[in-house]
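K.L.:
build me a model:
(2 chains)
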Amino acid sequence: MTYISLSFSDLALAALLILVNAGLSLALGLGLERRLFVAASRMVVQLLLVGLVLEALFRTVNPWATALVAAAMVGFAGREATARQEHRLAGWWSQGLGTGAMLMAAGIVTLFALTTQLRPHPWYDPRYAIPLLGMVLGNTMNGISLGLNALTGDLGHNRAAVEARLALGADRWQAMRFLAGKSLRMATTPIVNSMAATGLVSLPGMMTGQILGGVAPFEAVKYQILVMFLIAGGTGIGAVAAIGGGVLRLTDHRHRLRLDRLG
Amino acid sequence: MLMVEGLRRPGLGPVDFSLSAGECVSLSGPSGVGKTLLLRAIADLDPSTGRVVLDGVGREAVPAPRWRRMVRYFAAEPGWWAERVSDHFADWDAAVPLVRSLLLPPEIGKAPVARLSTGERQRLALVRGLMARPLVLLLDEPTAALDPAARTAAEDMLAARQAEGVGMLWVTHDAAQARRVATRHLVMEDGRVREANDGGGDAA
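P.N.:
Here you go, the predicted structure:
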């Protein structure tokens, strides 16, 4: 395996592209230059910090340190998923539901890959566990936040429809079915689309990274296929858990619609 | 048949009244006074406290979906969850006689709900709710959007159910209608109900 190592001056050269963008923004009066600089700086700082943490983590191969980093990742993903909601569940639930569903889905899928396909020694080797979790988590988060957004956003408009079903004697699952189904489709559409388009329209970032890192293309492709299956599985499990939990929380044991539980 | 005792929820109550089998009671009162809240509370669609008993069985003793199949709430603005009219009926063919008696053509089953008028929707919701033979009807201005001919047809259809022993609580702003359909009249004020002798307080 050979790869071309980058120096900091290489990166500085690439950063000129941001300056070009900022110049365009100024010239066209778009007012984007400030946000562009802040975003670019955040990207650099966050990634450098992550690089340092991962260097230390990979050197020690400590199960507790790995678990701590994984927990922090799930926590950040949960916050991000919650922040994207337009209509949130009231109180602790807004954060708890998305984070819980994500922890479960990403956890199951990552452990599955670590114990059956990849089997590193030890199984929790952060070199495998953390990047895998990161990829599954990012996509699961997307699916969960899209799904929950569809569920809670549409509920206000569909209140009469749901309550009509309830008044006609449907239980809460039957009454919410048409909404839950739509939310699940919203949650899983991106991953289905991206599986269909992968390789033709886009070269996945992970695969590209491996190829740039010197891995033979066919090996990188096999890894990418594995990752796509994991992401699809994680998104499906996470979306079902989050939307199922959402339906339970937005109704009660007497099969009443509880919009008062939306914040 | 239906007994309501000390029924309370925020903005409502305590409310006490009873309804006999085959009896129609009208309920009137200014808009926003809590008539809809009362109907929803009886159907257990909103949390409330107090006793609601149907033929000796308290509502807590039955699963909520079964309670609502017996004690049916008809919303003033009925909801629709599917695109076509017939998708809202377990058996559209069985509903056709009632649809016809409300002066609607049977082909309306194939129509998208979004293209119907308010009056057409209100009549279809009435048929939809009557299909599974509920014992008590909670009617929230069921004929508000109907023309006189359709209103008479709807009143006749409900009177036929009443003759079979179905009890009805009928919210109406129309004092003449209240006198036509109901034998007892309740008026709501400040979240409470009282008996009235004159067919309801507010004029048509």
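
K.L.:
burial count for the closest residue to A:Asp252 other than its chain neighbours?
P.N.:
Distances taken as Cβ to Cβ, 6 or more residues apart in numbering or on different chains place A:Arg258 nearest to A:Asp252, at 5.4 Å, with adjacent residues excluded. Where C-beta positions appear, they are placed from N, C-alpha and C, glycine not excepted. Counted by other Cβ atoms under 10 Å in any protein chain shown, the residues lying close to A:Arg258 total 15.

K.L.:
correct me if wrong: A:Arg258 contacts A:Leu248.
P.N.:
No - distance between A:Arg258 and A:Leu248: 10.2 Å, which falls outside the contact criterion (Cβ atoms under 8 Å).

K.L.:
stretch A:117-128: how far from the chain's middle?
P.N.:
Per Cα atoms, centre = their mean, to the nearest Å, the displacement of stretch A:117-128 from the mean C-alpha position of its chain is 22 Å.

K.L.:
okay, residue 35: pLDDT?
P.N.:
Using chain A. A:Arg35 carries a pLDDT value of 90.

K.L.:
oops, I was thinking of chain B
P.N.:
We note a pLDDT of 93 for B:Lys35 in this prediction.

K.L.:
for it, list the residues it contacts.
P.N.:
Each residue near B:Lys35 by Cβ atoms under 8 Å, 6 or more residues apart in numbering or on different chains is listed here: B:27-29, B:140, B:171, B:188.

K.L.:
near chain A, which residues of chain B are found?
P.N.:
Those residues of chain B that sit near chain A, judged by Cβ under 8 Å from any Cβ of the partner chain, are B:43-47, B:63-66, B:68-69, B:72-75, B:77-82, B:125, B:128-129, B:132.

K.L.:
7 Å - rerun?
P.N.:
Within chain B, the residues that sit near chain A (Cβ under 7 Å from any Cβ of the partner chain) are B:43-47, B:64-66, B:68-69, B:72-73, B:75, B:77-81, B:128-129, B:132.

K.L.:
what sits against residue 14?
P.N.:
No chain was given, so I picked chain A. The contact partners of A:Ala14, by Cβ atoms under 7 Å, 6 or more residues apart in numbering or on different chains, come to none.

K.L.:
that's the other chain; I wanted chain B
P.N.:
Residues in contact with B:Pro14, defined by Cβ under 7 Å, 6+ apart, are B:6-8, B:50.

K.L.:
one step back: which PyMOL command selects the buried ones in the residues of chain B next to chain A?
P.N.:
Of the residues of chain B next to chain A, the buried ones can be selected in PyMOL as follows, counting by 16 or more other Cβ atoms under 10 Å in any protein chain shown:
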select buried, chain B and resi 43+44+45+46+64+65+68+69+72+73+75+78+79+80+81+128+129
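
K.L.:
out of the residues of chain B next to chain A, which sit inside helices?
P.N.:
Applying DSSP state H to these, the entries found in helices are B:64-66, B:68-69, B:128-129.

K.L.:
OK, contacts around A:Met176?
P.N.:
Here A:Met176 is in contact with A:162, A:247, A:251 (Cβ under 7 Å, 6+ apart).

K.L.:
off-centre distance for the helix or strand encompassing it?
P.N.:
In the assignment (DSSP states H and E), A:Met176 maps to helix A:172-197. Here the centre of helix A:172-197 is set off from its chain's centre by 16 Å, with Cα atoms, centre = their mean.

K.L.:
kindly report the same for stretch A:191-198.
P.N.:
In terms of Cα atoms, centre = their mean, the centre of stretch A:191-198 is set 16 Å apart from its chain centre.

K.L.:
same check, this time on stretch B:15-27
P.N.:
On the basis of Cα atoms, centre = their mean, stretch B:15-27 is displaced by 12 Å from the centre of the chain it belongs to.

K.L.:
and the end-to-end length of it?
P.N.:
Start-to-end span of stretch B:15-27 (Cα to Cα, to the nearest Å) is 12 Å.

K.L.:
so for it, what gets flagged as buried?
P.N.:
In terms of neighbour count (16+ other Cβ under 10 Å), stretch B:15-27 has its buried residues at B:15, B:17, B:19, B:23-27.

K.L.:
now intersect the residues you listed with the strands, please.
P.N.:
Those of the buried residues of stretch B:15-27 mapping onto strands are B:15, B:17, B:19, B:24-27, per DSSP state E.

K.L.:
could I get the residues you listed as JSON lines with pLDDT?
P.N.:
Shown next, in JSON lines, are these (pLDDT from 0 to 100):
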{"residue": "B:Val15", "pLDDT": "93"}
{"residue": "B:Phe17", "pLDDT": "92"}
{"residue": "B:Leu19", "pLDDT": "94"}
{"residue": "B:Cys24", "pLDDT": "95"}
{"residue": "B:Val25", "pLDDT": "96"}
{"residue": "B:Ser26", "pLDDT": "95"}
{"residue": "B:Leu27", "pLDDT": "95"}
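
K.L.:
show me which pair in those is furthest apart.
P.N.:
Within those, B:Val15 and B:Cys24 form the most distant pair, 18.0 Å apart (Cβ to Cβ).

K.L.:
show me the beta-bridge partners of B:Val4.
P.N.:
Beta-bridge pairing of B:Val4 under DSSP bridges involves B:Phe17, B:Val52.

K.L.:
hang on, it packs against B:Leu19?
P.N.:
No - with contact defined as Cβ atoms under 7 Å, B:Val4 does not count as touching B:Leu19 (8.1 Å).

K.L.:
helices along the chain, start to end?
P.N.:
Let's take chain A. Secondary structure of chain A by DSSP H: the helices cover A:8-28, A:33-60, A:63-83, A:93-112, A:126-157, A:159-167, A:172-197, A:205-212, A:217-249.

K.L.:
my question was about chain B
P.N.:
Remark: helices assigned in chain B by DSSP H are B:35-42, B:64-70, B:92-101, B:118-130, B:148-163, B:175-181.

K.L.:
winner for burial among those helices?
P.N.:
Across the helices of chain B, averaging neighbours per residue (mean count of other Cβ atoms under 10 Å in any protein chain shown) puts helix B:35-42 on top, at a mean of 24.

K.L.:
relative to strand B:24-28, how tilted is that one?
P.N.:
Orientation check (axes from the mean of the first three to the mean of the last three Cα atoms, to 10 degrees): helix B:35-42 against strand B:24-28 gives 130 degrees.

K.L.:
show the pLDDT at B:Ala203.
P.N.:
pLDDT, B:Ala203: 41.

K.L.:
tell me where the model's unsure across the chain.
P.N.:
All of this is about chain A. Applying pLDDT under 70 to chain A flags the ranges A:1.

K.L.:
was after chain B, sorry
P.N.:
For chain B, counting by pLDDT under 70, the residues that fall below are B:197-204.

K.L.:
centre-most residue in it?
P.N.:
B:Leu139 (1.6 Å; Cα atoms, centre = their mean).

K.L.:
contacts only, for whichever residue of the stretch 51-200 of chain A sits closest to chain B.
P.N.:
When distances are taken as Cβ to the nearest Cβ, the stretch 51-200 of chain A reaches nearest to chain B at A:Ala160, 3.0 Å away. Residues near A:Ala160 by Cβ under 7 Å, 6+ apart: B:75, B:77, B:79.

K.L.:
looking at those residues, spot the one nearest chain A.
P.N.:
Closest approach between these and chain A, by Cβ to the nearest Cβ: B:Gly79, at 3.0 Å.
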